[in-house]
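> sequence first, predicted model second:
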Amino acid sequence: MTAGLAIRLSPSGPVVGNAGGAPFMPGPGARLRLVEQGFLVPTAAAANVIPTAPGVLGPAGIGVGNGQNLILSVPNPALNYRATILCDVSNPSTNVLGEVQLYLEVSTDGGVTYVERASNTHLVNSTEVAPAAPLGRQIRLDLQLTAGLTLGVPAAAPPAMFVRAKIGASSGGGTVTVLSLATPGGDLKSVGTALLQLEECL
């Protein structure tokens, strides 16, 4: 599908129209496919403590081998892609300033090599007076709409595009944490305070 190409209900069916009766022809940014995964980072031991050196974020904790990959089959260099990671973080300290970085990495060679495509930094303040529970906030990183060719998708399309998120703390490493509360639901489709998304768009 290319931008400006009319959409039919079936190969021989009528052209889908818009509200004004003209053919519905989506433009750049129209979503074609979406894969996403929400997950709960363990709160036990040190699995949710954000390290100084960035580690892959996933349902088994933070670190190499624990990451959550999203996989989109047969990417197209002529299409566009965007990705998002969001998660809750907490700074339980009363005197350590946290500077937390998020990263999004993309692989177009089947997950062998990852290239950083987006990153940002978030300040996670300490509490001046320790509360009954650590204060938390949500942080987010978006890889803006980017052509598959720019992301390294070759003309002979690879079998899949992989995306993963990493997290680190340049200040407050070993103190700030990923905050992942297990309540209210036990439904695996909704539990957790981390969400990773990958979209294919026109």
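Sure thing, it's come through. Note that the structure is predicted; figures quoted are calculated from it, not measured. Numbers count the residues shown, from 1 in each chain.
> my guess is Ile62 contacts Pro42. True?
No. With contact defined as Cβ atoms under 8 Å, Ile62 does not count as touching Pro42 (9.6 Å). Placement of C-beta: from N, CA and C, glycine included.
> what sits in contact with each of the two?
Asn48 (Cβ atoms under 8 Å, 6 or more residues apart in numbering).
> look at the two and report which has more neighbours.
Using other Cβ atoms under 10 Å, the more surrounded residue of Ile62 and Pro42 is Ile62, with 24 against 16.
> check contacts around that one.
Taking Cβ under 8 Å, 6+ apart as the test, what Ile62 contacts is Val41, Ala47, Asn48, Val49, Ile50, Pro51, Gly55, Val56, Ile167, Val178.
> what residues sit buried inside stretch 151-161?
Of all the residues in stretch 151-161, those buried under the rule 16 or more other Cβ atoms under 10 Å are Leu151, Gly152, Val153, Ala157, Pro158, Ala160, Met161.
> what's the lowest-pLDDT member of those?
By pLDDT, Ala157 ranks lowest within the buried residues of stretch 151-161, coming in at 67.
> which SSE is immediately downstream of the worst-scoring helix or strand of the chain on mean pLDDT?
Within the chain, no helix or strand scores below strand 61-62, which has a mean of 86 by mean pLDDT, DSSP states H and E. Scanning forward in sequence from strand 61-62 by DSSP states H and E, the next helix or strand is strand 70-73.
> let me see the mean pLDDT of that next one.
Average pLDDT, strand 70-73: 92.
> could I have the CA atoms of that strand written out in CSV?
Output in CSV follows, covering the C-alpha atoms of strand 70-73 (Å, rounded to 0.1, in the frame of the first residue of the first chain):
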residue,chain,number,x,y,z
LEU,A,70,9.0,-6.3,19.8
ILE,A,71,9.1,-8.0,16.5
LEU,A,72,7.4,-6.8,13.3
SER,A,73,7.7,-9.3,10.4
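> for the host helix or strand of Asp88, C-alpha coordinates in CSV please.
Using DSSP H and E, Asp88 maps to strand 80-90. Output of strand 80-90 as CSV, limited to C-alpha atoms (Å, rounded to 0.1, in the frame of the first residue of the first chain):
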residue,chain,number,x,y,z
ASN,A,80,7.5,4.5,8.0
TYR,A,81,8.0,3.3,11.6
ARG,A,82,7.6,4.7,15.1
ALA,A,83,8.1,3.3,18.5
THR,A,84,7.3,4.3,22.1
ILE,A,85,8.5,3.1,25.6
LEU,A,86,6.8,4.4,28.8
CYS,A,87,7.3,3.2,32.3
ASP,A,88,6.9,4.4,35.9
VAL,A,89,9.9,5.3,38.0
SER,A,90,10.5,6.1,41.6
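> for it, what is the average pLDDT?
93.
> sheet-wise, list the partners of that strand with their directions.
strand 136-147 (antiparallel), strand 177-178 (antiparallel), strand 194-201 (antiparallel) (DSSP bridges).
> what lies in contact with the shortest one?
Spelled out, that is strand 177-178. Against strand 177-178 from outside (Cβ under 8 Å, 6+ apart): 41, 48-50, 57, 62, 87-92, 134, 167, 193-194.
> 10 Å instead?
40-43, 46-50, 57, 61-62, 87-92, 98, 100, 124, 134, 136, 139, 167, 169, 193-194 (Cβ atoms under 10 Å, 6 or more residues apart in numbering).
> fine, thanks again, bye for now.
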